[in-house]
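**Student:** just the structure for this:
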Amino acid sequence: MGFWRSVTFRLSGNYGTLVHIFEEEPEEIQWHKVRQLLSACGINLTSGRGDSTFLECNDVRTQFPTPRQEVQPPTIRKTADFLRQLDITPEQFSIFSTGRQRNGKGRA
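**Tutor:** This next block holds a predicted model:
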């Protein structure tokens, strides 16, 4: 229970990024925002050989090409699948939803 309480506290400033990752048709997102979200969730990010990034948490792992500045939709969807396996979804942490809308997309 302590792990999730810690994740919940650190996730509050990253909720908008979490919502963006789970959009049905996500637009590009800045890599530093995704890294910040993943770190807040306690996920280990490791650079691999060449141009790979490895994500690992609780024996769940994935790999994708390291984004330069913007994360493309296929990598965003793979990140969403990884987070879903860990039960880290916007619904799980909806306490941070403010109901505000930005860019007409309904992102909190």
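**Student:** can we go C-alpha only for contacts and neighbour counts from here?
**Tutor:** Noted.
**Student:** once you drop chain neighbours, what's closest to residue 45?
**Tutor:** residue 55 (4.9 Å; CA to CA, 6 or more residues apart in numbering).
**Student:** quick one: secondary structure of the one you found?
**Tutor:** strand (DSSP: H, G, I helix; E, B strand; the rest coil).
**Student:** hang on, it packs against residue 46?
**Tutor:** Yes. With contact defined as CA atoms under 8 Å, residue 55 reaches residue 46; the gap is 6.6 Å.
**Student:** more crowded one of the two?
**Tutor:** When neighbours are counted by other CA atoms under 10 Å, residue 55 and residue 46 differ, and residue 55 comes out ahead with 18 against 12.
**Student:** who are the packing partners of the one helix or strand residue 20 maps to?
**Tutor:** If you go by DSSP states H and E, residue 20 is part of helix 15-21. Helices and strands touching helix 15-21, by 3 or more CA pairs under 8 Å, 6 or more residues apart in numbering; DSSP states H and E, are helix 31-40, helix 73-85.
**Student:** output those helices as TSV; include the columns mean neighbour count and distance to residue 61.
**Tutor:** Formatted as TSV, the helices and strands packed on helix 15-21 follow (neighbours: other CA atoms under 10 Å; distance: least, CA to CA, whole Å):
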stretch	mean neighbour count	distance to residue 61
helix 31-40	17	13
helix 73-85	17	8
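**Student:** and these as a markdown table, adding mean pLDDT?
**Tutor:** Output for the helices and strands packed on helix 15-21, formatted as a markdown table (pLDDT from 0 to 100):
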| stretch | mean pLDDT |
| --- | --- |
| helix 31-40 | 93 |
| helix 73-85 | 95 |
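**Student:** which among these is found nearest to residue 91?
**Tutor:** Residue 91 lies closest, by CA to CA, to one member of those: helix 73-85, at 10.6 Å.
**Student:** tilt between that closest one and helix 31-40?
**Tutor:** Going by axes from the mean of the first three to the mean of the last three CA atoms, to 10 degrees, helix 73-85 is angled at 10 degrees with respect to helix 31-40.
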